[in-house]
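Engineer: Pasting the sequence and the predicted model now:
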Amino acid sequence: MSPARSSRQRYQEFVQDYKLRRLDAASEDGGPAPPPGQKGARRAYLREYIRWLKPHRKELAFVFLIALLVAGLQMIEPLFMRYIVDHVILNRNLDTGARLTKLNLIGLAFLLVIILSHVGGGFKDYRQRILNVRVILALRRSLYERLLHLPLPRLWEMKTGGILSRLTGDVETTTGLLQMAVISPAISVIRLVIAIGILLALNWQLAVTALAIIPGVMGLSLIFTRRIRPIYRSVRKDVEVVDGRVGETFSGIRVVRAFRQEIQELLSFMLGRHTVLRKELFAHRRELLLWTTWGLLEAGISVVIVWFGGYLNIVGRASVGDIMAFQWYMFLLLNPVWSIVNSFSEMQRSLAAMERVFEVLGMEQDKPDKPDKPGKAK
């Protein structure tokens, strides 16, 4: 088959591969699927990554503790609103002065909890950013040092684009494994368990009704993200090829101009970039479907809570505060669900980048030349 001469032809071949699930069988570097024995190598790379994190374990534990405290504060916020509505605003057994005093006290406590949760969240993000920067710098320094001492045939195989992608994008994506595989899933699961427990304690009928559709939507989201991930994998491979050619073009710009290849290089660059844009739009259309599904889910759950909660309130089995608290808790519940789904997707990307980084770190260095023997004529 002759190579595609336009971005449209390349895009059509890509869509055909996507429909036939050929992209799913491709590895991160665009080659064939990794053999089963490579799973042992991934475990070895994970152990190596954990070894890299050991010097930062105290900072990691501190960030996780702050994230846990922030999650706990966010989980109790709807309870303040429920108490204010049911026991202050709608409580006719108290006189106006007592209700105002109680409202001000609970309102101040509510405001304090909100301030603490947001300040704590900002502080947690800042400390986590510092931790990520330290890990990035350590990994990037070791990777660059190893690349400087690799055998020339190895460097030739990786090309300029492969070297640059490992030093930049792969290192940063590898550090994202800390967030996607450790902190985010753990906090999301804890928040999910706490939210479900509180919802069941408030009103089990409303909780079961609202939670019934979440497992199906979560499974659907996982399927969508698994189908979208190969598209971005192909995009990253194309970007690596285009950037590598750009680097080689400008490093040999004298040769390009000597043979009047400026137009050819421009056409090659635009062909690659047009193909990347077509693939990104292809992925974006599928992401729009996913985001629309989540938007409909949030709106649908709100309608169900108000509708069924109104019925329970009329028959005396739910209060107005319960309904309002449920609205808030469902928002807090959907966030960790989406975070868990997104973590599974991003974690695969981070694992693939981690393999590329630690594969280079595990390569043998080039053997130095033997020193001249003393007394030998030069």
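Structural biologist: Arrived safely. Note that the structure is predicted; figures quoted are calculated from it, not measured.
Engineer: where along the stretch 251-378 of the chain do the helices fall?
Structural biologist: Secondary structure of the stretch 251-378 of the chain (DSSP state H, counting those that start in this stretch): helices at 253-258, 262-314, 320-361.
Engineer: and among those, the most buried is which?
Structural biologist: helix 320-361 (a mean of 20; mean count of other CB atoms under 10 Å). No exception for glycine: its C-beta is placed from N, CA and C like everyone else's.
Engineer: Can you spell out which helices and strands pack onto that one?
Structural biologist: For helix 320-361, the elements it packs on are helix 38-53, helix 57-84, helix 96-148, helix 171-178, helix 184-202, helix 204-211, helix 214-251, helix 262-314, judged by 3 or more CB pairs under 8 Å, 6 or more residues apart in numbering; DSSP states H and E.
Engineer: and stretch 194-213, how far out from the chain's middle?
Structural biologist: Put simply, stretch 194-213 sits 28 Å off its chain's centre (CA atoms, centre = their mean, to the nearest Å).
Engineer: Report the buried residues of it.
Structural biologist: In terms of neighbour count (16 or more other CB atoms under 10 Å), stretch 194-213 has its buried residues at Ile194, Ala195, Ile198, Leu199, Leu202, Asn203, Leu206, Ala207, Thr209, Ala210, Leu211.
Engineer: In contact with the closest residue to the second one other than its chain neighbours, which residues?
Structural biologist: Distances taken as CB to CB, 6 or more residues apart in numbering place Leu333 nearest to Ala195, at 4.6 Å, with adjacent residues excluded. Contact analysis of Leu333 by CB atoms under 8 Å, 6 or more residues apart in numbering lists Leu192, Ala195, Ile196, Leu199, Leu211, Ile214.
Engineer: Switch the helices of the stretch 251-378 of the chain over to JSON lines; also include distance to Tyr126 and mean pLDDT.
Structural biologist: Listed next are the helices of the stretch 251-378 of the chain as JSON lines, based on distance: least, CB to CB, whole Å; pLDDT from 0 to 100:
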{"stretch": "helix 253-258", "distance to Tyr126": "43", "mean pLDDT": "91"}
{"stretch": "helix 262-314", "distance to Tyr126": "28", "mean pLDDT": "88"}
{"stretch": "helix 320-361", "distance to Tyr126": "20", "mean pLDDT": "78"}
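Engineer: Which one of those helices lies nearest to Ser188?
Structural biologist: helix 320-361 (3.7 Å; CB to CB).
Engineer: now the angle from that closest one to helix 184-202?
Structural biologist: Between helix 320-361 and helix 184-202, the angle comes out at 160 degrees (axes from the mean of the first three to the mean of the last three CA atoms, to 10 degrees).
Engineer: Gly120 is nearest to which of the helices of the stretch 251-378 of the chain?
Structural biologist: The nearest among the helices of the stretch 251-378 of the chain, by CB to CB, is helix 320-361 at 15.6 Å.
Engineer: any idea how far Pro78 is from the residue nearest to Ala195?
Structural biologist: Separation of Leu333 from Pro78 (CB to CB, to the nearest Å) stands at 11 Å.
Engineer: now Leu361
Structural biologist: From Leu361 across to Pro78, the span is 47 Å (CB to CB).
Engineer: likewise Ala258?
Structural biologist: The gap separating Ala258 from Pro78 is 71 Å, by CB to CB.
Engineer: Where does confidence bottom out across the contacts of Leu333?
Structural biologist: When those are compared by pLDDT, Ile214 scores lowest at 73.
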